[in-house]
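**Student:** Show me how the following folds:
(one chain, ligands or ions: 2)
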Amino acid sequence: MRTSIATVCLSGTLEEKMRACAAAGFDGIEIFEQDLIVSPHSPEEIRGLAAELDLSLDLFQPFRDFEGVTEELLLENLYRAEAKFALMNRLGIDTMLVCSNVATATVDDDDVAASQLRRMGEVAAGYGIRLAYEALAWGKYVNDFEHAQRIVDLADHPNVGTCLDSFHILSRGADPAGIEKIPAEKIFFVQLADAPELSLDVLSWSRHYRVFPGEGAFDLTGFMTHLVRSGYNGPVSLEVFNDVFRQTAEERTAVDAMRSLIWLEERTSVALADHGGAPGNDGGFPAYPMELATLPAVAQPTGFNFAEVKAGDSGAVEELLFQLGLHCEGRHRTKPVQLWSAGGARVIINQQQARGLAPAVSALGLDVQDPLAAASRAVQLKAQPVSRRSQADEAVLQAVSAPDSTEIFLCEATGDGTVAWAEEFGSDGVVEGEPLITHIDHINLSQPWQHFDEAVLFYESTLSLVPRASQEVPSPMGLVRSQVMCSSDGAVRLALNIAPMGLEQPHGGADYPQHVAFACRDVVALARQARQRGLDFLPVPANYYEDLQARFRLGDDMLDVLQSLNLLYDRDEDGEFLHFYTATVGNVFFEVVERRARYDGYGAPNAPVRLASQYQRARSGRRDG
Ligand SMILES: O=C(O)c1ccc(O)c(O)c1
Ligand SMILES: [Mg+2]
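**Tutor:** Ligands and ions are numbered 1, 2, ... in the order given. Coordinates of the predicted model:
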């Protein structure tokens, strides 16, 4: 599959955009006219730079408001078009995108539109240029791809074809199966964009909220299977208008974009195989012209292997873990690193290169079937491998860096609850009885707001975690978007939160608290033990318990127990959920949860209570200090 990307997706100058696209591995680009107009470089220089970077210049766009006009306006439009054809010859671009008319069309007649496009095609042919006609979802008379295709058929000129843009097709709820009926040689270009579900006028939705495939709610894999079945084999190009991406470093956005295409290519290949026939296979199914690259297939992770907290001074974290009933298994034989555990929950406290660093979640380990394959998949999806110095006789761990720089270790699942690397820690701990904590239930990672979509795609594509519906939680610092990424069996749950930006942290959300939640068999017993050991609980206001009583009619005894231990409560048709939070130290805090019956959520109604209480604490802490 040939990959391409429109320059409008990225921030920076045209030259910076081109370098970023080449570095991320794109085969080609679409030049958005505005990017050229404001560039200090001549068309010839841009052409030379593209050659130097080995980028093909696949499309020049957009040409607006051409067809469906009076004869007088048509002549003006043809003059305007011819100037652009000459420019395209200087750039060495042979395909122009022509958008359906949104403004100046006055003749609602397909024959007229077709004959005008044919005349444009005749002029274009003189320059060796092809016209790709695209139905914008808000076009005045032409706003759906099948209508645009009928006009292209009527125009009946070899230089006039169609441009398919997934946004315009899927935003209107059109069935992309119709793509298969278009003759492949008439599809001149294909643009892809995903988008979140929003109820908004389609123009604003398109111009501000498009995202890369896998980051929104559209079925791009389904779209691609129809495209491949049509026989199309030209560039598959990303065209994403997004206010956030346009102010994010272009190298980063280009990598995010490339990841989405590599992943989509693989998903498409899998979907086609599932529906009887992968391209090029020899099982008697049709071989399609577009070749689709695949990735190492990996099973979803089967559990958390560990969570790591990095801390300069780790005393406060050690105390919290002790109070929660974890014990220190030992210190690493060569490094300032401790292993704490209870049941199957492991927390590493790492003091390496952490001088002066406030405690923070820095890494997590996931149990996977095949760490090498999982790491190779992630790296092919443009994840940065993490190199950690290790002695010759230490376990070699595969790790990659997530978009927020949390390190993700891919560990071998053993099935018997042991881990190979733990041998590197002595074992001073003698554990009495069965620990109340059983395992890590979930880990909550705060994402800088501008990298949230990127993070969702990262965890979905590299680890096959499935995004659950995103939620918005009110907090004193703003509305916090929250989205859980989960393995199908719930063994791995990552809760991603947008870190509120402004009020507390001078430089955004990067240093906003994150947390590790432990699952336990009896949260009331554990909370009592923890209180005896002097745990500083996150306080819960009395108003909360009054509201709880009104909503759930818990008996007075139950309510007293909850209130006396700062426990939060939720219930739904699947079961009950009891949980509590510790105070925050540095940028980390802990949660203990008990899931009763088949409760599968996270106590979402309690999230505002936690955020408000943490906010209160942070403020009074500052005043006292
Ligand atoms: O929003 C627009 O104007 C616009 C321009 C060119 C495109 O290819 C497109 O999909 C939208
Ligand atoms: Mg488009």
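**Student:** Burial check on the nearest residue to Arg533 once chain neighbours are set aside, number of neighbours?
**Tutor:** Leaving aside its chain neighbours, Arg533 sits nearest to Gln323 (4.2 Å; criterion: C-beta to C-beta, 6 or more residues apart in numbering). No exception for glycine: its C-beta is placed from N, CA and C like everyone else's. Residues lying near Gln323 (other C-beta atoms under 10 Å) number 20.
**Student:** Same question for Ala83.
**Tutor:** Other residues lying near Ala83 total 10 when counted by other C-beta under 10 Å.
**Student:** quick one: contacts for the residue nearest to Arg533?
**Tutor:** Contact analysis of Gln323 by C-beta atoms under 8 Å, 6 or more residues apart in numbering lists Ala530, Arg533, Gly534, Leu535, Thr582.
**Student:** With Ala293 instead?
**Tutor:** Ala293 touches Met1, Ile262, Glu265, Glu266, Ser269, counting by C-beta under 8 Å, 6+ apart.
**Student:** Name the nearest of the residues you listed relative to ligand 2.
**Tutor:** Nearest to ligand 2 out of the contacts of Ala293 is Met1 (C-beta to the ion; 18.3 Å).
**Student:** Report the distance from stretch 119-129 to the chain centre.
**Tutor:** Relative to the centre of its chain, stretch 119-129 is centred 41 Å away, using C-alpha atoms, centre = their mean, to the nearest Å.
**Student:** Where does this protein get nearest to ligand 2, which residue?
**Tutor:** Per C-beta to the ion, the residue of the chain with the smallest distance to ligand 2 is Asp165, at 3.5 Å.
**Student:** State the distance from that residue to Ala23.
**Tutor:** Relative to Ala23, Asp165 is positioned 26 Å away (criterion: C-beta to C-beta, to the nearest Å).
**Student:** Settle it for me: which of the two has more neighbours?
**Tutor:** Asp165 (24 against 14).
**Student:** Not counting its neighbours along the chain, what's nearest the more buried one?
**Tutor:** Closest to Asp165 by C-beta to C-beta, 6+ apart is Gln191, at 4.2 Å.
**Student:** okay but the one you found is in contact with Ser166, surely?
**Tutor:** Yes. Counting by C-beta atoms under 8 Å, Ser166 is a contact partner of Gln191 at 7.0 Å.
**Student:** So which residues of the stretch 351-500 of the chain form strands?
**Tutor:** Remark: strands assigned in the stretch 351-500 of the chain by DSSP state E, counting those that start in this stretch are 360-368, 384-385, 398-401, 407-412, 437-447, 466-467, 471-475, 478-486, 493-498.
**Student:** Touching the last one from outside, list them.
**Tutor:** By C-beta under 8 Å, 6+ apart, the surrounding residues in contact with strand 493-498 are 441-449, 452, 455-456, 459, 465, 473, 480-487, 509, 602.
**Student:** Just the pLDDT at Gly284, thanks.
**Tutor:** At Gly284, the pLDDT value in this model is 46.
**Student:** And the one 5 residues further on, by the same measure?
**Tutor:** pLDDT, Pro289: 96.
**Student:** Am I right that Ala132 falls within a strand?
**Tutor:** Yes. Applying DSSP: H, G, I helix; E, B strand; the rest coil, one finds Ala132 inside a strand.
**Student:** returning to that earlier point: just the buried members of the contacts of strand 493-498?
**Tutor:** Among the contacts of strand 493-498, those classed as buried by neighbour count (16 or more other C-beta atoms under 10 Å) are 441-449, 452, 455-456, 459, 465, 473, 480-487, 509, 602.
**Student:** what about the longest helix that the chain contains, average pLDDT?
**Tutor:** Longest helix in the chain by number of residues (criterion: DSSP state H): helix 250-274. For helix 250-274, mean pLDDT is 96.
**Student:** Check which helices and strands it sits against.
**Tutor:** Secondary-structure packing of helix 250-274 (3 or more C-beta pairs under 8 Å, 6 or more residues apart in numbering; DSSP states H and E): strand 3-6, helix 14-24, helix 220-230, strand 236-238, helix 452-463.
**Student:** what does the helix or strand following that helix rub up against?
**Tutor:** Going down the chain from helix 250-274, the next helix or strand is strand 303-310, by DSSP states H and E. Contact partners of strand 303-310, identified using C-beta under 8 Å, 6+ apart, comprise 317, 344-352, 354, 357, 359-367, 407, 409, 411, 413, 419, 439-440, 443, 491-492, 516, 588.
**Student:** Sheet-wise, list the partners of strand 303-310 with their directions.
**Tutor:** Strand 303-310 sits in its sheet next to strand 345-350 (parallel), strand 360-368 (antiparallel), going by DSSP bridges.
**Student:** how far off strand 437-447 does the last one point, in degrees?
**Tutor:** In other words, strand 360-368. Counting by axes from the mean of the first three to the mean of the last three C-alpha atoms, to 10 degrees, strand 360-368 lies at 120 degrees to strand 437-447.
**Student:** Dump strand 360-368 to PDB, keeping only the CA atoms.
**Tutor:** Output in PDB follows, covering the C-alpha atoms of strand 360-368 (Å, rounded to 0.1, in the frame of the first residue of the first chain):
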ATOM      1  CA  ALA A 360       5.700   9.300  39.900                       C
ATOM      2  CA  VAL A 361       4.500   6.200  37.900                       C
ATOM      3  CA  SER A 362       7.300   5.700  35.400                       C
ATOM      4  CA  ALA A 363       6.800   2.200  33.900                       C
ATOM      5  CA  LEU A 364       4.500  -0.700  33.800                       C
ATOM      6  CA  GLY A 365       5.000  -4.300  32.900                       C
ATOM      7  CA  LEU A 366       2.500  -6.400  31.000                       C
ATOM      8  CA  ASP A 367       2.400 -10.200  30.800                       C
ATOM      9  CA  VAL A 368       2.400 -11.200  27.200                       C
END
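**Student:** quick one: contacts for the residue of the chain found nearest ligand 1?
**Tutor:** With C-beta to the nearest ligand atom as the measure, Pro62 is the residue of the chain nearest to ligand 1, at 3.8 Å. Residues near Pro62 by C-beta under 8 Å, 6+ apart: Phe32, Glu33, Leu97, Val98, Cys99, Glu134.
**Student:** Just the ones of the residues you listed in helices?
**Tutor:** Glu33.
**Student:** ok, and of the contacts of Pro62, which contact ligand 1?
**Tutor:** Leu97, Cys99, Glu134 (C-beta under 6 Å from any ligand atom).
**Student:** ok, so of those, who is nearest Asp153?
**Tutor:** Within the ones next to ligand 1 among the contacts of Pro62, proximity to Asp153 (C-beta to C-beta) peaks at Glu134, which comes in at 15.4 Å.
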